[in-house]
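Chemist: sequence and predicted structure below; questions after.
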Amino acid sequence: MPALFPSRLFNMSFSYDPTLSNTVSKIRFRIGDKSEPALLTDEEILAQFDMCSSNIDETSAVLCENLAAEFAKKCDQSVGSVSINYSQLSVRFSEIAASIRRSTQKNAVGIPWLGGSSIDEMETEAERTDINQPNFVINMMKDQ
């Protein structure tokens, strides 16, 4: 049976600190890659972190998508009573990536709003007494 984690054959580094004191540990925690043999090396995580503009959530989601794609390429295998279901791993990592992206969107700064695009909206906003009206609205038509 081929090696499950070929990157570990090349003696690449693995580190995980349960206190999440560093970036690699935070990302490993987020994607569930906390024990050896690791799915990703520290170098792979840091390279992706750099490509994602140092964004932990984006890095975690992209790495999960990459792992899902990697496992999707492999066939499920069975030898006697032992089996490896790569397809389940692929589905699970896709779900984790989607979950990370959803949680990131919930915490987004905001969605742009185009105010005053309908007359009803403009009239409703103009009648509100709980907001300060701009000076040009208050004094508009004052000379007439």
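Modeler: Yes, it's here.
Chemist: who are the packing partners of the helix or strand encompassing Glu70?
Modeler: Assessed by DSSP states H and E, Glu70 sits inside helix 56-72. The helices and strands touching helix 56-72, judged by 3 or more Cβ pairs under 8 Å, 6 or more residues apart in numbering; DSSP states H and E, are helix 23-31, helix 42-51, helix 86-106. (Glycine included, C-beta is placed from N, CA and C.)
Chemist: now do the shortest one, average pLDDT.
Modeler: Going back to what we said before, that points to helix 23-31. Helix 23-31 shows a mean pLDDT of 96.
Chemist: that one versus helix 42-51: what angle between them?
Modeler: 90 degrees (axes from the mean of the first three to the mean of the last three Cα atoms, to 10 degrees).
Chemist: buried stuff in helix 23-31?
Modeler: For helix 23-31, the neighbour count (16 or more other Cβ atoms under 10 Å) marks 24-31 as buried.
Chemist: turn those into TSV, including distance to Lys106.
Modeler: Putting the buried residues of helix 23-31 into TSV (distance: Cβ to Cβ, whole Å) gives the following:
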residue	distance to Lys106
Val24	25
Ser25	24
Lys26	19
Ile27	20
Arg28	23
Phe29	19
Arg30	15
Ile31	19
